[in-house]
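S.K.: please find the sequence and the predicted model below.
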Amino acid sequence: MATGIVMMQLRQPLPAPLPVIDGVAPSYLWLPAGEWPDLLSFLEQRFPAISSATWVARMARGEVVDGEGVRLAPGSPYRRGMRIFYYRELPAETPIPFEASILYQDERILVADKPHFLPVIPSGRFLHETLLVRLKKQTGLADLTPIHRLDRETAGVVIFSHDVASRGAYQSLFQQRLVDKTYEALAPSAPGLVLPLVYRSRMVEGTPFFRMQEVAGEPNSETRIELIEQRETCSRYRLRPLTGKKHQLRVHLAALGIPIINDAFYPEVHPCKGDDLSAPLKLLAREIAFVDPLDGRRRHFASQREL
């Protein structure tokens, strides 16, 4: 069974010279071409929201270093192509009152069941309130890394690697579309829609920047849609994406006139008033299945959550 899988050797990242602290790994930055009198001047321009005093304090604590782990100072010379490491900090972070659970863990991978609203990785206004950082704190696995994407608004199954040597083999499964992914969604009933059906369209980045849109041209996205059950006020659908475009399932259901319940982006963008924790997007990554690239076993993981 495993003989049909093409193995890919992916370049692994170099180890960070700073440790993981409280579940947070250091961020890094390659210094671009440009002229600055010293490192602090560059950082002030690159990160205008962070004060000079904050950078000076971080450097005094030894929390800004180069790729070899050598501590950098405010007056350190700016060198194009140098990689610097530092810890990202947030002055305040909104707590997300929902917990993930671990569905499976072995010596190579960890499978989590993510709640709605919780981001997978640190970004923007989220750092500690992310699935990755929470799991690092819980398990102590410093090399934990997600090997596929799941939107913050979506709940369900997420697979992580915590073994650097085998990570590329698992990542290649997603890149080669050798993973069977099944989602469930609650959306309006559509008596006139003949199901099951396969919906295809061409998707590109839209406006505003965080949305996707459909345009004319060769399809680059494909979803199989089935009806699971019709409820009194809506229906539950099974969605099998054969491609992995951003927001693909949300765009496709909206295009069919059955937008996912509580979708703030499609078909129209609703004014941002903060998260309404009582109204999660009714989309769940229900199942993931694949043939393990290392031992040939059939792997299947299912969320325990319900919409």
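M.R.: Now that the structure is in, tell me what you want to look at. Given the structure is predicted, the values throughout are model-derived calculations rather than measurements.
S.K.: quick one, what contacts the residue located most distally from the centre of the chain?
M.R.: Distance from the C-alpha centroid of the chain, by C-alpha atoms, centre = their mean, peaks at residue 37 (36.8 Å). Counting by C-beta atoms under 8 Å, 6 or more residues apart in numbering, residue 37 makes contact with residue 78. Every C-beta, even on glycine, is put in place using the N, C-alpha and C of the backbone.
S.K.: can I take it that it is in a strand?
M.R.: No: assessed with DSSP: H, G, I helix; E, B strand; the rest coil, residue 37 is coil; it does not lie in a strand.
S.K.: any idea how far it is from residue 46?
M.R.: 14 Å (C-beta to C-beta, to the nearest Å).
S.K.: about what we covered before: separation between the residue farthest from the centre of the chain and residue 303?
M.R.: On the measure of C-beta to C-beta, residue 37 and residue 303 end up 53 Å apart.
S.K.: next one: residue 238
M.R.: Distance from residue 238 to residue 303, by C-beta to C-beta: 13 Å.
S.K.: isn't residue 235 right up against residue 185?
M.R.: No: judged on C-beta atoms under 8 Å, residue 235 makes no contact with residue 185 at a distance of 9.1 Å.
S.K.: between the two, which one's more packed in?
M.R.: residue 185 (27 against 19; other C-beta atoms under 10 Å).
S.K.: doesn't residue 113 make contact with residue 131?
M.R.: No: counting by C-beta under 8 Å, residue 131 does not reach residue 113; the two are 9.9 Å apart.
S.K.: list the residues that contact both of the two?
M.R.: 100, 158.
S.K.: who has more neighbours, those two?
M.R.: Neighbours around residue 131 and residue 113, counted as other C-beta under 10 Å, are more numerous at residue 131. The numbers are 25 against 22.
S.K.: what's the pLDDT at that one?
M.R.: Note on residue 131: pLDDT of 98.
S.K.: angles on the backbone of it, please.
M.R.: Main-chain torsions, residue 131, degrees, to the nearest 10: phi -60, psi -40.
S.K.: contacts for stretch 92-111?
M.R.: 112-118, 125-129, 131, 134-135, 138-139, 141, 144, 157-163, 166, 170, 275, 277, 288, 294, 301-304.
S.K.: tell me the mean pLDDT over that stretch?
M.R.: Here the average pLDDT along stretch 92-111 is 95.
S.K.: so how far is it off the chain centroid?
M.R.: The chain centre lies 13 Å from the centre of stretch 92-111; the measure is C-alpha atoms, centre = their mean, to the nearest Å.
S.K.: buried sites along it?
M.R.: By 16 or more other C-beta atoms under 10 Å, the buried positions in stretch 92-111 come out as 96, 100, 103, 108-111.
S.K.: restricted to strands, list those residues.
M.R.: Of the buried residues of stretch 92-111, the ones assigned to strands by DSSP state E are 103, 109-111.
S.K.: so where is this structure shaky, pLDDT-wise?
M.R.: Scanning the chain for pLDDT under 70 picks out 1-14, 271-274.
S.K.: all the strands of the stretch 101-250 of the chain, residue numbers only.
M.R.: Ranges of strands in the stretch 101-250 of the chain, per DSSP state E, counting those that start in this stretch, are 101-105, 109-114, 145-146, 155-161, 180-187, 197-205, 212-215, 221-230, 235-241.
S.K.: pretty sure residue 280 sits against residue 262.
M.R.: Yes: when contacts are counted by C-beta under 8 Å, residue 280 is listed as touching residue 262 (6.2 Å).
S.K.: these two: which is more packed in?
M.R.: Higher neighbour count among residue 280 and residue 262: residue 280, with 19 against 16, using other C-beta under 10 Å.
S.K.: OK, contacts around that one?
M.R.: By C-beta under 8 Å, 6+ apart, the neighbours of residue 280 are 116-117, 153, 155, 262.
S.K.: what is the nearest of those to residue 218?
M.R.: residue 153 (28.6 Å; C-beta to C-beta).
S.K.: measure the closest one to residue 303 for me?
M.R.: 15 Å.
S.K.: with residue 191 instead?
M.R.: For residue 191, the distance to residue 303 - C-beta to C-beta - is 29 Å.
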